[in-house]
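J.: could you look at this predicted model? Sequence included:
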Amino acid sequence: MVIVDAHDPAKWRRLRPDVITPNAVEAERVPGVALGSGDGRADRAARAADRLQRATGARAVLVTLDRTGTVLLRPGLPPHRTTASPAPEHQASGAGDVLAATLTAALAAGSGLEDAVETAQAAADIAVARPGTCVCTLEDLTHEHAHSGGVPPGAVHDPIGAVAQ
């Protein structure tokens, strides 16, 4: 399993990652991709899915959209959207790192890709709710899932469906 959190997603094309996690600005570094700002970014990312996947070589692209969440793009499947719990911009330092690390851990534990994305979004939400550098513990995440009805961290799902073929 190869997960890439890169500032220039196209540079990783030859690696053919399973998932790449550019933020909106990084996704716009791919020629022809313009996400702009506002609520329409997820829809614009979905329309650019083929271009993003061709440019990155990734099996799945998870575009992070700052305070509004993420959009997961896979060939032949509808986009999967998460929403974020907004936090002040000055508290978001490291949120993408928390998201990528949690996504990787959830997939390694056997979660399906959509469940792993939801878990990663929950971890990022927890991390940005605190002052200072983003941190999310397993206890924090377990508590969040218990109160939100989400999939508990480490829950094993169909690993074959983890990444779209």
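T.: Structure received. Numbers count the residues shown, from 1 in each chain.
J.: which helices and strands does the one helix or strand Ala124 maps to pack with?
T.: In this structure, Ala124 sits in helix 113-128 according to DSSP states H and E. Packing contacts for helix 113-128, counted by 3 or more Cβ pairs under 8 Å, 6 or more residues apart in numbering; DSSP states H and E, involve strand 70-73, strand 80-82, helix 95-108, helix 138-148. For glycine as for every other residue, the C-beta is placed from the backbone atoms N, C-alpha and C.
J.: try it again with 10 Å
T.: strand 19-20, strand 60-64, strand 70-73, strand 80-82, helix 95-108, helix 138-148 (3 or more Cβ pairs under 10 Å, 6 or more residues apart in numbering; DSSP states H and E).
J.: now do the fifth one against strand 60-64, angle only.
T.: Pointing back at helix 95-108 there. Interaxial angle, helix 95-108 versus strand 60-64 (axes from the mean of the first three to the mean of the last three Cα atoms, to 10 degrees): 150 degrees.
J.: bridging across strands, which residues link to the residue positioned nearest the centre of the chain?
T.: With distances taken as Cα atoms, centre = their mean, Leu62 lies nearest the centre of the chain, 4.3 Å away. For Leu62, the beta-bridge partners under DSSP bridges are Leu72.
J.: much appreciated, bye for now.
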